[in-house]
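K.L.:
compute the structure for the input listed below.
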Amino acid sequence: DRIRIDEFKKADEEYKGFFKRTKWLLVMNPLRLKEDGKMRLSQLLNINMPLNTAYTLGEQLKQRWECVTVAQFNKALDNWCEMAYESNLKHLMDFADMLKVHRSGLWSYCLYPINTAILEANNRKVGLIRRKACGFHDLKYFILKIFQADNPLPLPLPVP
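P.N.:
The predicted structure follows:
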């Protein structure tokens, strides 16, 4: 988005109208755009080369998450960063530097595509169970209640 804002500031008055209300066109999935949105996006990308470069590199970066090995991901990330440096767009080069710094976390996501949403939801569920009961004196019973909330079983539960 910084590239879009910078290009808007640099644009002549006659072209500034093309940049208005385009943020969502650039970040939205192109398959979900309506016909008028697709037309406006293509006009915007044809008018402004730096924005076109950033958009194209952004779409290519999305494909990098499909790598299944660390070596494959490292090669794909290095290729993408090289293209970002060749674009000579400051914000893309800074972003490429940041990706290189966080490389190990990124490839771990490629190997294990788990985001924290599932973990956060489970933690919230456990906290809710604990709060409803005002605490548990027995750890086994607490664990059984967690399993019951995760996978509702018919009562009575067998106690080990």
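K.L.:
which residues are contacting stretch 107-124?
P.N.:
With Cβ atoms under 8 Å, 6 or more residues apart in numbering as the test, stretch 107-124 has contacts from W65, E66, C67, V68, V70, F73, N74, L77, D150. Any C-beta I mention is one placed from the backbone N, CA and C, and that applies to glycine too.
K.L.:
so which residues make contact with stretch 24-32?
P.N.:
In this structure, residues lying in contact with stretch 24-32 by Cβ under 8 Å, 6+ apart are D1, R4, L33, G37, K38, R40, L41, L44, L51, Y55, G58, E59.
K.L.:
is the one residue sitting closest to the centre of the chain in a helix, a strand, or coil?
P.N.:
Compute the mean C-alpha point of the chain, and by Cα atoms, centre = their mean the closest residue is K62, 8.8 Å away. Three-state assignment for K62 (DSSP: H, G, I helix; E, B strand; the rest coil): helix.
K.L.:
repeat for L128
P.N.:
Per three-state DSSP, the local secondary structure of L128 is helix.
K.L.:
distance check, it against I146.
P.N.:
L128 sits 10 Å away from I146, taking Cβ to Cβ, to the nearest Å as the criterion.
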